[in-house]
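Trainee: just to be clear, the model below is a prediction. Sequence and coordinates:
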Amino acid sequence: MSALPQHMNEPSPAPASPSEEARRSAAEARSALGWTHTARFLTTASALSELPPTELAEVAFVGRSNAGKSTAINALAQQKRLAFASKTPGRTQHINLFELGPKLAPDTLFADLPGYGYAAVERNAKLRWQRVMADYLEVRRSLSAIVMLVDSRLGFTPLDLQLLEFVTPRLAGGAVKMLVLLTKSDKHNRAAMTAALAKAGETLAILSAGSADVSVAPFSALNKSGVSDAAVWLHRATRARIIVEASA
Ligand code: GDP
């Protein structure tokens with residue numbers, strides 16, 4: 001993610017020297033990471049109806065079990081145990097909400113959605129949770145951005161592709177933005193990571209053709225690479241929010 005897209009509503013910055021640009025991006029990364037660090041647990045819900053209505057921008061984190069979602073949320077928040085990184089994949093079956101911004105004036109929610117695709121979960125439970133996820137992604141009005149965590153060694157699995165297809169209508173026109181993080185990039189050398197990014201980019205290009213705002217980037221919680229870029233992306237995406245009513 002070398003070039004993060006500039007949002008339309010932001011004033012164009014004055015032309016800057018390379019050192020001035022580096023200073024500005026370092027300052028933006030610091031402020032974005034300071035913001036993600038404010039994340040704190042708000043509530044947990046086992047059904048859509050239990051989620052509090054909100055006017056705050058909301059970012060949904062989705063991914064296959066074991067893709068590295070909890071670890072990524074912890075890395076972004078620079079906290080060890082904010083999201084529960086379960087040793088038993090598929091165990092976290094609730095939607096967990098985290099609040100960000102000043103304590104008295106929160107500005108954003110992160111929604112950690114249940115991981116999918118864990119084979120050992122009993123079929124009925126699986127179906128019920130797929131429905132909760134689907135309902136959430138379809139109707140949650142405050143949804144501003146989706147972060148999809150994909151294990152860079154596996155690429156998109158059939159369930160990831162189903163989810164992408166499912167959220168495509170909400171991505172149209174950029175109303176909801178999407179960031180795909182290819183996790184565990186530390187397990188690859190540079191050439192393999194470049195190939196994984198290119199392959200994911202090809203799949204996502206189909207979505208972007210419909211003027212969706214979709215980015216893909218490498219991410220490693222282990223060596224912290226991609227963490228500040230992701231924080232900057234989230235910061236920009238939530239500041240540029242437009243509330244749209246999801247079509248039922
Ligand atoms: P979740 O089920 O998607 O929430 O996945 P977790 O965050 O619990 O991570 C699943 C497994 O992947 C755990 O064993 C983590 O330690 C490991 N993992 C997560 N992120 C990274 C990473 O950046 N690098 C490496 N090498 N392992 C990771």
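Mentor: Ah, there it is.
Trainee: strands of the protein, residue ranges please.
Mentor: Secondary structure of the chain (DSSP state E): strands located at 40-45, 57-63, 95-100, 108-112, 143-151, 177-183, 214-218.
Trainee: can I get these in a markdown table with distance to the ligand and mean neighbour count?
Mentor: No exception for glycine: its C-beta is placed from N, CA and C like everyone else's. Below are these laid out as a markdown table (distance: least, CB to the nearest ligand atom, whole Å; neighbours: other CB atoms under 10 Å):
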| stretch | distance to the ligand | mean neighbour count |
| --- | --- | --- |
| strand 40-45 | 15 | 14 |
| strand 57-63 | 5 | 25 |
| strand 95-100 | 11 | 22 |
| strand 108-112 | 8 | 25 |
| strand 143-151 | 6 | 24 |
| strand 177-183 | 5 | 26 |
| strand 214-218 | 10 | 21 |
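Trainee: with mean pLDDT added, can I get those in JSON lines?
Mentor: Shown next, in JSON lines, are these (pLDDT from 0 to 100):
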{"stretch": "strand 40-45", "mean pLDDT": "92"}
{"stretch": "strand 57-63", "mean pLDDT": "96"}
{"stretch": "strand 95-100", "mean pLDDT": "94"}
{"stretch": "strand 108-112", "mean pLDDT": "96"}
{"stretch": "strand 143-151", "mean pLDDT": "97"}
{"stretch": "strand 177-183", "mean pLDDT": "97"}
{"stretch": "strand 214-218", "mean pLDDT": "96"}
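Trainee: spell out which parts of this protein neighbour the ligand.
Mentor: Taking CB under 6 Å from any ligand atom as the contact definition, the chain meets the ligand at 63, 65-71, 85-86, 89, 115, 149, 183-184, 186-187, 220-222.
Trainee: could you flag which of those residues are buried?
Mentor: 63, 65-71, 85, 89, 115, 149, 183-184, 220-221 (16 or more other CB atoms under 10 Å).
Trainee: returning to what we had before: could the strands of the chain go into CSV alongside distance to M133?
Mentor: Shown next, in CSV, are those (distance: least, CB to CB, whole Å):
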stretch, distance to M133
strand 40-45, 12
strand 57-63, 7
strand 95-100, 9
strand 108-112, 11
strand 143-151, 11
strand 177-183, 15
strand 214-218, 19
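Trainee: right, so of those, which gets closest to W233?
Mentor: strand 177-183 (5.3 Å; CB to CB).
Trainee: that closest one vs strand 57-63, what angle?
Mentor: Angle of strand 177-183 versus strand 57-63, following axes from the mean of the first three to the mean of the last three CA atoms, to 10 degrees, is 40 degrees.
Trainee: so in that sheet, which strands flank strand 177-183, and in what orientation?
Mentor: Taking DSSP bridges as the criterion, strand 177-183 forms sheet pairs with strand 143-151 (parallel), strand 214-218 (parallel).
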